[in-house]
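Colleague: need a structure here:
(one chain, ligands or ions: 1)
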Amino acid sequence: MTFRQKTDIVSLPVFPGERYSGKRAFFYAPRPGAEDAKSMEKEWGRIMSKKLISLADCCVAFDGELVLDHINLYFNDSEFLTLLGPSGCGKTTTLRIIGGFLTPTSGEVLFDGARINDIPPNLRQVNTVFQRYALFPHLNVFENVAFGLRIPKASGTGRKKVRVPEEEIRSRVLEMLEVVSLKGFERRRITELSGGQQQRVAIARALVNRPKVLLLDEPLGALDLRLRKDMQSELKRIQQQLGITFIYVTHDQEEALAMSDTIVVMDQGRIQQIGTPEDIYNEPKNAFVADFIGESNILDGVMHEDFVVEFFNRKFKCLDKGFAPMEPVDVVIRPEDVDIVPKEKGQLRGIVTSVTFKGVHYDTIVDFKGFKWLIQTTDYHPEGETIGIILNPDDIHIMHKSQYSGMFGDYSSYSEEYDELEDVSLLEEDGEDGDEE
Ligand code: ATP
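Modeller: Numbers count the residues shown, from 1 in each chain. Just a heads-up that it's a prediction; the model follows:
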């Protein structure tokens, strides 16, 4: 059974986690009703960790158009945080603010509690890895990684510039090449490396200066799928080994789920949800998140009372509470959560309209009186077969209606036919059948 833990950002001063030190303080607290101890522990863990960077009420406008809309977000020390969202949602703009390449139109950027809005990129303890590696083709691997270390830096006290001693450069470059699994490649030319190896050089080059934060802007975008997967686990390993903060930008939800401690889902310059991969997947906050992270059937429903929702003109037990009586809601059913049973045993009955073999499972589209659901099952049910389905309470997730309601999670158009069906009372847990016909 998948755990279901409600989390949310609430604007009340609930102990203990102030999210940032800006003017409008928000607090992160488990929603009332959160019972899952493991999930609670993870949430408090994040809240109580050391905040390294905070964006406080940051807005960015280009030519009067708001592309970041009051972003409030913090990044913890040693955290792998992913900014996830569709193209143009503002991920790179957020990263550029942190890197110092862009000053927010309003709001504050804080590093270790100090305001850094006006600190240039080279004086921030932050480095960036871009999708295009921007390596120097005329230098070998060693010299590419050593490049930043060879630039004289202003000393802490005076105007005098200091150089890193050659011996230290050598040991730090070799150490980083080992971290990125490129030991022995020092003398190789960049043109003699594969895409994945070039990406590793870019990562080593960004890490050799020992930044506290590494920004990664779709760094695996140019790699093929296999290499991407390999590099995902490599990146996670490197982050854990070095214990520094990685802020990763991607539009690939699988990548985000696989690597992150925390995912921030963005759309239209706004944060839609912040949480662990499990939270985001199991408890999407609105139809946008539910659709963007994995596949979802999203239906119109009405919350009758705590733990009872109605959709398709019948009532189902669920695990959700705290909604207004008879509140219209969005109901999310994940394709892999639906149990297919013989038609006479189903709570609902539908006809298979298409089947696609996906390797591990079949993507099976089932027509429930005109409303088509996606069901993922390892059993083959041929086109034309009438099947029954059973939904357990923890297969049903309820969300408040939002600006995204009705936009996603529909595998066909809704049929009004279900409204004409006879109402049936709530099924008892003893498994009483309730075919609608
Ligand atoms: P992608 O995944 O495609 O890189 P993104 O989520 O990183 O997208 P951003 O690059 O942050 O999106 O862009 C957010 C919005 O801001 C987009 O509409 C983009 O066109 C706009 N934008 C970004 N930089 C500028 C700029 N310098 N001038 C004008 N508009 C800009």
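Colleague: C-alpha from now on. contacts and neighbour counts both.
Modeller: Will do.
Colleague: Helix or strand: which one has residue 59?
Modeller: strand 51-62 (DSSP states H and E).
Colleague: packing partners for that strand?
Modeller: Counting contacts by 3 or more Cα pairs under 8 Å, 6 or more residues apart in numbering; DSSP states H and E, strand 51-62 packs against strand 65-76, strand 106-111.
Colleague: how about a cut-off of 10 Å?
Modeller: Helices and strands touching strand 51-62, as assessed by 3 or more Cα pairs under 10 Å, 6 or more residues apart in numbering; DSSP states H and E, comprise strand 65-76, helix 91-99, strand 106-111, strand 114-115.
Colleague: Any idea which of the ones you listed gets closest to residue 50?
Modeller: Ranking the helices and strands packed on strand 51-62 by proximity to residue 50 (Cα to Cα) places strand 65-76 first, at 5.5 Å.
Colleague: Could you see whether the ligand lies near the closest one?
Modeller: Yes - contact check for strand 65-76 against the ligand, using Cα under 6 Å from any ligand atom: residues in range are residue 67.
Colleague: May I see the buried residues of the strand holding residue 59?
Modeller: Under the neighbour-count criterion of 16 or more other Cα atoms under 10 Å, strand 51-62 has 51, 52, 53, 54, 55, 56, 57, 58, 59, 60 buried.
Colleague: Would you check how far apart the first one and the ligand are?
Modeller: It stands for residue 51. Applying Cα to the nearest ligand atom, to the nearest Å, one obtains 23 Å for the distance of residue 51 from the ligand.
Colleague: I'd guessed that residue sits against residue 77; true?
Modeller: Yes - at 6.0 Å, residue 51 counts as touching residue 77 under the criterion of Cα atoms under 10 Å.
Colleague: Touching both of the two, which residues are there?
Modeller: Among the neighbours of residue 51, those also in contact with residue 77 (Cα atoms under 10 Å, 6 or more residues apart in numbering) are residue 112.
Colleague: List just the nearest of the buried residues of strand 51-62 to the ligand.
Modeller: Distance ranking of those against the ligand, using Cα to the nearest ligand atom, places residue 60 first at 8.5 Å.
Colleague: And that closest one, how close does it get to residue 94?
Modeller: Relative to residue 94, residue 60 is positioned 9 Å away (Cα to Cα, to the nearest Å).
Colleague: rewinding a little: could you dump the helices and strands packed on strand 51-62 to CSV with mean pLDDT?
Modeller: Listed next are the helices and strands packed on strand 51-62 as CSV, based on pLDDT from 0 to 100:
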stretch, mean pLDDT
strand 65-76, 95
helix 91-99, 96
strand 106-111, 95
strand 114-115, 93
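Colleague: mind putting the buried residues of strand 51-62 in TSV, pLDDT included?
Modeller: Written out in TSV, the entries for the buried residues of strand 51-62 read as follows (pLDDT from 0 to 100):
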residue	pLDDT
51	88
52	92
53	94
54	95
55	96
56	96
57	96
58	96
59	97
60	97
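Colleague: For the residue of the stretch 201-350 of the chain found nearest the ligand, give me the backbone phi and psi.
Modeller: The nearest approach of the stretch 201-350 of the chain to the ligand comes at residue 251, 6.1 Å away (Cα to the nearest ligand atom). Dihedral angles phi and psi of residue 251 (degrees, to the nearest 10) take the values phi -110, psi 10.
Colleague: tell me the contacts of it?
Modeller: Counting by Cα under 10 Å, 6+ apart, residue 251 makes contact with 82-89, 91, 218, 221, 265-266, 292.
Colleague: Next, show the common contact partners of residue 60 and residue 94.
Modeller: When contacts are counted by Cα under 10 Å, 6+ apart, residue 60 and residue 94 are jointly contacted by 67, 68, 71, 102, 104, 269.
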